[in-house]
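Asks: got a structure for you, letters missing:
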């Protein structure tokens, strides 16, 4: 049912060769918010099947799973959708106090790719996107919408945004892509 009501279903923005920009809905994944004492991060990483990063903004990817540290005791975990129940079960067996919340129903992903990706994001994000290292992420604002921004590659970013703000973020990206295509 959630996929049928996906706010970005079927939407893609692919500029011409001059725009150097592609924007599309990301593949749906399982998403979790994890809060746990940093001293227990190794146990949580074992339960997740991927080590957790140990610095804020750090990201670890392995076996289709990604862990991004957003705060001193906060991580965002993503994995293929089919892994969702197994991850929940593994954390249910974890002995350390923690909070694991399935937020897959709440968020959607948007991929922003190409030579002009950072330029497009810079239009609505108030920090130097180009300065983000590859393999890092952060919580920030895109215009007035809270997002998690992940730099997956030099010219590839992923935005994780609440469903209720997805159309707003998409609309701004669409407008910016037209300006970039026109050389404005």
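Replies: Sure thing, it's come through. All of these numbers come straight from a predicted model, not from anything done at the bench.

Asks: who's the residue nearest the centre of the chain bridged to?
Replies: The residue lying closest to the centre of the chain (Cα atoms, centre = their mean) is residue 160, at 3.8 Å. Each beta-bridge partner of residue 160 is listed here: residue 109, residue 148, as defined by DSSP bridges.

Asks: mind listing the helices for the protein?
Replies: Per DSSP state H, the chain carries helices over the ranges 41-48, 84-92, 117-122, 163-182.

Asks: distance to residue 132, mean neighbour count and mean pLDDT added to those helices, as a markdown table?
Replies: Backbone N, C-alpha and C define where each C-beta goes, glycine included. Compiled in a markdown table, these are given as follows (distance: least, Cβ to Cβ, whole Å; neighbours: other Cβ atoms under 10 Å; pLDDT from 0 to 100):
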| stretch | distance to residue 132 | mean neighbour count | mean pLDDT |
| --- | --- | --- | --- |
| helix 41-48 | 23 | 20 | 98 |
| helix 84-92 | 27 | 14 | 98 |
| helix 117-122 | 8 | 21 | 96 |
| helix 163-182 | 17 | 17 | 94 |
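
Asks: just to revisit the earlier point, need the contact list for the residue nearest to the centre of the chain.
Replies: Residue 160 makes contacts with 31, 76, 107-109, 147-148, 150, as judged by Cβ atoms under 8 Å, 6 or more residues apart in numbering.
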